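> missing the sequence, but the structure's below:
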């Protein structure tokens, strides 16, 4: 074993008045720098007692045990907030100490239908008792129904079922390359894919190759060749890149999520569509985070009235119950892939198909797109009222919102204070916090969340 028993020093997370001591445990000799940062946070405010919100207590065996166990046995590839969740319902979650929180992350928009939606839970239970997995070696009575439903709903001729968002994006890249060689007649191994800078399409090798974030690509080379990056929302740079006769596709998020909820200029996506058509280049929209009601439309691209050649979906396609993703395209693109060239053992399994159909029906039946638009307008209105000396900007669409903090306020510290006050959100980069509650959130809860955000921010001197 490449490690030794060491005693943990006193570790102050200082979440309000809380001090958390990790018990001695096995740890590697070399602790990653980011883990050191997460275990030695700078001081936050001294008290939130006047807020009338119970302090989260991690000074008990249950919370310590769960946190210690993850640190001891798990890979250190995430930096979670120091809260241990055990239950969720709708837009609320509870920790192991019984404290209630508003979930304003929604599993990075995987929980648009809310935690543990009863219709989805019942669908999962029912299908689990009948048939869960066969692989694609056989036909099932579920896959065709799902394929027909989802293609009619989104207006495409074909769908390829996958499991995760990054798989869907990798699939879209493979489809674009295959189309470039078979249809556009690009010379062998010369096809190029264009991406927007500051994108996030996952963390596979292909996604890392497309990334401009050093945390994503650093130390993982060599990378996939013929990936070209251009500034987001820059049509001149885009045209220069896709006018290359070997360009196969432009893959872009309609709103950049991990970059900090960056909304492009009005008309950007319409111009992207026009340019891609002009140069015979596929327009691929990564709707994994922005799709399925999050921005107030079933697809974010609908706000601009554009139809991409390929659409990737994921996250809320299962309502948070199961890893499900999908790639939508028409025959000219999708049928370039032949048996044996791409697939997934779990992609399109009966359980996934039934859950996905129900998840999409919940969005329609409960009018979650409309609710996202209404509640998003309320939330954005309140965020824009935050003091300008502390908030550089508030931006978003529907219930995909963010604030960019100013005046040296650290987003991680702000998230810790929000946690103290019963709102769970997560920073993206140093000064931006994303707010994306489940689309089932009520007006009362939306206003309560906004009030807590404002009150928490005002505590920063």
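Ah, there it is. Computed from a predicted structure; not experimentally measured.
> ok, now how distant is residue 97 from residue 86?
9 Å (C-beta to C-beta, to the nearest Å). Using the backbone N, CA and C atoms, a C-beta is placed for each residue, glycine as well.
> quick check: pLDDT value at residue 22.
Here, the pLDDT recorded for residue 22 equals 35.
> again with residue 18
At residue 18, the model reports a pLDDT of 35.
> equivalent analysis for residue 285, please.
Confidence for residue 285, expressed as pLDDT, is 99.
> for the residue lying closest to it once chain neighbours are set aside, what is the enclosing helix or strand?
In space, and not counting its chain neighbours, residue 285 is closest to residue 308: 3.9 Å by C-beta to C-beta, 6 or more residues apart in numbering. Per DSSP states H and E: residue 308 is located in neither a helix nor a strand.
> residue 381 too?
Per DSSP H and E: residue 381 is located in helix 368-383.
> what residues of that helix count as buried?
The neighbour-count check on helix 368-383 (16 or more other C-beta atoms under 10 Å) flags 368-369, 371-376, 378-380, 382-383 as buried.
> just the mean pLDDT for the next helix or strand after it, thanks.
Next in sequence after helix 368-383, counting helices and strands by DSSP H and E, comes strand 391-397. Averaging pLDDT along strand 391-397 yields 98.
> strands of the stretch 201-350 of the chain, start to end?
Taking DSSP state E, counting those that start in this stretch as the criterion, the stretch 201-350 of the chain carries its strands at 227-230, 247-252, 282-286, 310-313, 325-329.
> could you dump the ones you listed into a markdown table and include mean neighbour count and distance to residue 395?
Listed next are the strands of the stretch 201-350 of the chain as a markdown table, based on neighbours: other C-beta atoms under 10 Å; distance: least, C-beta to C-beta, whole Å:
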| stretch | mean neighbour count | distance to residue 395 |
| --- | --- | --- |
| strand 227-230 | 17 | 21 |
| strand 247-252 | 26 | 17 |
| strand 282-286 | 27 | 19 |
| strand 310-313 | 28 | 23 |
| strand 325-329 | 28 | 27 |
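> so which strand or helix has the residue nearest the centre of the chain?
Nearest to the geometric centre of the chain sits residue 108, at 3.5 Å (C-alpha atoms, centre = their mean). Assigned by DSSP H and E, residue 108 belongs to helix 106-109.
> okay, residue 97 and residue 86: which has more neighbours?
Under the neighbour definition other C-beta atoms under 10 Å, residue 97 and residue 86 were set side by side, and residue 97 has more, 17 against 12.
> quick revisit: with the buried residues of helix 368-383 in mind, which one is nearest to residue 263?
Of all the buried residues of helix 368-383, residue 380 has the smallest distance to residue 263: 10.9 Å, by C-beta to C-beta.
> contacting residues around residue 321?
Residues in contact with residue 321 (C-beta atoms under 8 Å, 6 or more residues apart in numbering) are 120, 121, 124, 355, 359.
> distance of it from residue 111?
Counting by C-beta to C-beta, the gap from residue 321 to residue 111 is 9 Å.
> try residue 412
Distance, residue 412 to residue 111, by C-beta to C-beta: 22 Å.
> more neighbours: which of those two?
residue 111 (28 against 18).
> show me what contacts the more buried one?
So residue 111 contacts 88, 103, 316, 319, 320, 438 (C-beta under 8 Å, 6+ apart).
> let's see that with 6 Å instead.
320, 438 (C-beta atoms under 6 Å, 6 or more residues apart in numbering).
> how many neighbouring residues does residue 447 have?
14.
> distance of it from residue 145?
With distances taken as C-beta to C-beta, residue 447 is found 41 Å from residue 145.
> what about the helices in the stretch 151-300 of the chain?
165-182, 205-210, 214-217, 235-242, 268-278 (DSSP state H, counting those that start in this stretch).
> least confident of the ones you listed, on average?
The bottom spot among these, by mean pLDDT, belongs to helix 214-217, with a mean of 94.
> list the buried residues in that one.
Here helix 214-217 shows 216, 217 as buried, counting by 16+ other C-beta under 10 Å.
> which outside residues touch that helix?
Residues from elsewhere that reach helix 214-217 (C-beta under 6 Å, 6+ apart): 208, 211.
> repeat for stretch 145-159
Under the criterion C-beta under 6 Å, 6+ apart, residues 326, 328, 329, 330, 331, 334, 353, 356, 357 lie in contact with stretch 145-159.
> okay, now the domains of this protein?
What automatic domain parsing lists as the domains of the chain is 3-78, 102-115+368-458, 118-365.
> how about those domains, which one is nearest residue 92?
domain 102-115+368-458 (6.3 Å).
> just checking the distance from the closest one to the centre of its chain.
Mean C-alpha position of domain 102-115+368-458 versus that of the full chain (C-alpha atoms, centre = their mean, to the nearest Å) differs by 15 Å.
> from now on call the first residue 32
I'll keep to 32 as the first residue from here, and by that count the last item is domain 133-146+399-489.
> between the two ends of that domain, how far is it?
Domain 133-146+399-489 has an end-to-end distance of 19 Å (C-alpha to C-alpha, to the nearest Å).
> what distance do you get for the nearest residue to residue 219 once chain neighbours are set aside to residue 314?
Leaving aside its sequence neighbours, residue 219 sits nearest to residue 212 (C-beta to C-beta, 6+ apart; 6.7 Å). From residue 212 across to residue 314, the span is 18 Å (C-beta to C-beta).
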